[in-house]
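Student: with the sequence up front, the predicted model follows.
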Amino acid sequence: MPVKPTEWIWMNGEFVRWEEAKIHVLSHVIHYGSSVFEGIRCYETPKGPMVLRLQDHIKRLYHSAKVYRMEIPYSLEDYCEICLEVIRRNKMQRCYIRPVVYRGYGDVGVNPLPCPVETVVAVWDWGAYLGPEALARGVDVCVSSWNRPSPNSLPAMAKCAANYMNGQLIKMEAIIGGFAEGIALDVNGYVSEGSGENIFLVRNGTVYTPSLGHSVLPGITRDGVLTILTKELKMEVRHQAVPREMLYLADEIFFTGTAAEITPIASVDKIPVGQGRRGPVTEKVQSRYLEIVQGKAEDIYGWLTPVYR
Ligand code: PPE
C-alpha cells in the first residue's frame, strides 16, 4: 500500500504542502546519494501521541551528518521541536517521522562541499513494516547473496541514503525469491543485519547480536531491546561475530527496528528457526517493548516525548 500523503512537510525552515515539497533534479543528493536521515515512530497512547526516543534519533542524525561533514543549521533541541511541530501541523495521532538532511543544488560533481545542506521533516502513517501478520507469526527470510559494505567503504554507523542502495539489492533479491526480507553478511561472512533491521539470536538461553564492528547500524530499537533483555529479563547478551550457521541453529531469531519493531523470524533459507514460530524470549521482549511504547506501561526509561505539552 503506497503511503497516504499528509498535508504539510517542513522544508528548510518553512512548512510547504506535501505536493509542493520538491527539489531540483541536479541536486547533489540525486546524483551521489548524499543524504542522511532518520526514521522515528510516534505512538498513540492513552496520554496522547508520544514520540519514541526523539532525542536519540536526532542525535544519530547529527552524528551521521558529522561523518559526512554536513553542518545542520539548527540546534539538536530545535530539530526535535520541529519534528513535534510537523506532527501537530498534520494533526497525527500516530505516525512515522522522516527527518532528512541532504546536499541540495549548488554545483555538479562529486565534491559535495559547494552544495547547500538542506533539511526536511515529513510524517505519514506507517503500519506493520513486514506485513500485518509478521509481528505474531514471524517472517520467512533468506541470507542475502549481497554483503554489507566493508567497514572502510560506507560507514554503517552513519544512516546515509547511499547505504540503502546495498539495502535495496538485499531487499529486491529477497522479495523476488519469495522471502519477506534478507539477512546480509558482512564482508568477512559474519551475520550483519537486515536491509532495515538489526538482528538478535537466542540459543540455549543466551542472546547474541552482531557487534558494531560487523557493519550494523547502531539501532535505537536494538538499544531498547538490550535494556529489556539485560535489565528486566536478566539475560546474558553477547555482542560478537555471529557465524552464518548460527542462523540455522538458533532457538529464536528476531529483527528489531523502528519500522519493524520486534519481528520474529520463522525461518531462514527455508530452515525453521526453533519451532518455526515466535519463541518465548521474542514474545516477552516484544510485548514489553510494545507495552512501553504504546503507553500501556509506565515509561520507566524516559523513552517517550509528548507531542502536546
Ligand atoms: N539497520 C538498518 C540498515 C536500518 O535501516 C534500521 C532502521 C535499523 C537497523 C534499525 O534501527 P532503529 O530504527 O534505530 O532501531 N530502518 C529504518 C528505515 C526503514 C525504511 O524502510 O525506510 C526504520 O526502521 O525506520
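Tutor: Right, received. Where do you want to start? Here the structure is a predicted model, which is why all the values come from computation and not from measurement.
Student: now do the contacts for residue 44.
Tutor: 93, 94, 294 (Cβ atoms under 8 Å, 6 or more residues apart in numbering). Placement of C-beta: from N, CA and C, glycine included.
Student: now list the buried members of the residues you listed.
Tutor: Burial by neighbour count, judged by 16 or more other Cβ atoms under 10 Å, picks out 94, 294 from these.
Student: which one of the contacts of residue 44 is nearest the ligand?
Tutor: Within those, the smallest distance to the ligand is 14.2 Å, found for residue 94 (Cβ to the nearest ligand atom).
Student: grab the nearest non-local neighbour of the closest one.
Tutor: Once flanking residues are discounted, residue 94 sits nearest to residue 44: 4.1 Å by Cβ to Cβ, 6 or more residues apart in numbering.
Student: just residue 23 next, same as before
Tutor: Closest residue to residue 23 in three dimensions, ignoring its sequence neighbours and counting by Cβ to Cβ, 6+ apart: residue 104, at 6.4 Å.
Student: report the contact partners of that neighbour.
Tutor: By Cβ under 8 Å, 6+ apart, the contact list for residue 104 reads 23, 24, 27, 28, 29, 115, 116, 117, 118.
Student: could you redo the last one with a cut-off of 7 Å?
Tutor: Contacts here follow Cβ atoms under 7 Å, 6 or more residues apart in numbering; on that basis residue 104 touches 23, 27, 28, 115, 116, 118.
Student: quick one: the strands in the stretch 51-200 of the chain?
Tutor: Counting by DSSP state E, counting those that start in this stretch, the stretch 51-200 of the chain forms strands over residues 95-103, 117-124, 139-147, 181-185, 191-194, 198-203, given from the N-terminal end onward.
Student: any idea which of these is most buried?
Tutor: strand 191-194 (a mean of 26; mean count of other Cβ atoms under 10 Å).
Student: and that one, how far from the chain's centre?
Tutor: The gap between where strand 191-194 is centred and where its chain is centred comes out at 13 Å by Cα atoms, centre = their mean, to the nearest Å.
Student: can you show me the CA trace of it as CSV?
Tutor: Included here for strand 191-194 are C-alpha records, laid out as CSV according to Å, rounded to 0.1, in the frame of the first residue of the first chain:
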residue,chain,number,x,y,z
VAL,A,191,26.0,-12.1,10.2
SER,A,192,25.4,-8.3,9.9
GLU,A,193,21.7,-7.1,9.7
GLY,A,194,18.6,-7.0,7.5
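Student: tell me the pLDDT at the closest residue to the ligand within the chain?
Tutor: Among the residues of the chain, residue 39 lies closest to the ligand, at 2.5 Å counting by Cβ to the nearest ligand atom. As summarised for this prediction, residue 39 has a pLDDT of 98.
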